[in-house]
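In: this one's structure only:
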């Protein structure tokens, strides 16, 4: 499906949800229609990053996979941004997908049809799907539906191993007829001053991408613990945190729940803005190439 991007890694905690939310909000703030599909049973993108109220905790997505019912997004989470929620109901999705042949259920057809109908009806310009780590059956299904794959990773060996496992699933999907193409890998939560170490990590990424003709994203997301804490505490992206002052309960000036820890999120927001621009440039060029082909 065109203009549909999957963010995936076989390890958790590598920035998939945060990157998906940041790109979605940035594109929506610039007048485009965006849909986020949270396919992770943890539901971090739904609850922590975007602060969706009245989340169905993945019920609509799980029902679509099993029964082919229409997707029911939460609308106007931000202006121009709708969300198909993730959460605990997605815990059984892997079982549904894995047992499809025995049960006669066709979750691939169910999700593809429902997503295509929703995108056509609502006129979304971009769809971002956040996948859960480790659920191979659901990941394989998503790779059959999307047009593009972005793999976030940290510099540690565990995250890189997860990226390598994901690369194997991508190649498997391609061999089995999937039209998904790898857009690139992005380095998350790194120290921008550790130039030599970052170069070494990018070298490892280049080795993983060897033979694909794909370059890693030039822009990375820096480590900023205070901003990361604030982003999830207030359910805002780094861009939205610029100029944000939390309201304190009356008479509770020392209330920890409303305290902001980060002083300046502009450097982190700039990282996300640059990455978003690079993603959109690659997306536009890739879609044009597909149309030409």
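Out: Received, thanks. Here the structure is a predicted model, which is why all the values come from computation and not from measurement.
In: let me see the contact set for residue 131.
Out: Under the criterion of Cβ atoms under 8 Å, 6 or more residues apart in numbering, the contact list for residue 131 reads 6, 7, 8, 16, 39, 40, 138, 139, 142. No exception for glycine: its C-beta is placed from N, CA and C like everyone else's.
In: give me the distance between the residue lying closest to it once chain neighbours are set aside and residue 167.
Out: Leaving out its chain neighbours, the residue that sits closest to residue 131 by Cβ to Cβ, 6 or more residues apart in numbering is residue 8, at 4.3 Å. Counting by Cβ to Cβ, to the nearest Å, the separation of residue 8 from residue 167 is 10 Å.
In: quick one: the strands in the stretch 51-200 of the chain?
Out: 74-78, 81-84, 126-131, 148-153, 181-190 (DSSP state E, counting those that start in this stretch).
In: returning to that earlier point: isn't the residue nearest to residue 131 up against residue 140?
Out: No. Distance between residue 8 and residue 140: 10.7 Å, which falls outside the contact criterion (Cβ atoms under 8 Å).
In: between these two, which has more neighbouring residues?
Out: When residue 8 and residue 140 are compared on other Cβ atoms under 10 Å, the one with more neighbours turns out to be residue 8, at 26 against 18.
In: off-centre distance for stretch 148-167?
Out: Offset of stretch 148-167 from its chain centre (Cα atoms, centre = their mean, to the nearest Å): 13 Å.
In: cool, and stretch 145-159?
Out: Between the centre of stretch 145-159 and the centre of its chain there are 10 Å (Cα atoms, centre = their mean).
In: now do the buried residues in that stretch.
Out: Across stretch 145-159, burial judged by 16 or more other Cβ atoms under 10 Å covers 145, 146, 147, 148, 149, 150, 151, 152, 153, 154, 155, 159.
In: name the residues contacting each of residue 8 and residue 167.
Out: residue 151.
In: re earlier: need the buried residues of stretch 145-159 in TSV with distance to residue 45 and pLDDT, can you?
Out: Conversion of these to TSV gives the following (distance: Cβ to Cβ, whole Å; pLDDT from 0 to 100):
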residue	distance to residue 45	pLDDT
145	18	96
146	16	98
147	20	97
148	17	98
149	17	97
150	14	97
151	16	95
152	13	96
153	18	95
154	18	94
155	23	92
159	18	92
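In: using a markdown table, lay out those residues together with distance to residue 242.
Out: Compiled in a markdown table, those are given as follows (distance: Cβ to Cβ, whole Å):
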| residue | distance to residue 242 |
| --- | --- |
| 145 | 34 |
| 146 | 31 |
| 147 | 32 |
| 148 | 28 |
| 149 | 30 |
| 150 | 24 |
| 151 | 28 |
| 152 | 22 |
| 153 | 27 |
| 154 | 25 |
| 155 | 27 |
| 159 | 28 |
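In: report the contact partners of residue 97.
Out: Contacts of residue 97 were listed using Cβ under 8 Å, 6+ apart, and they are 65, 107, 137, 138, 140, 141.
In: residues near the third one, how many?
Out: Counted by other Cβ under 10 Å, the residues lying close to residue 137 total 16.
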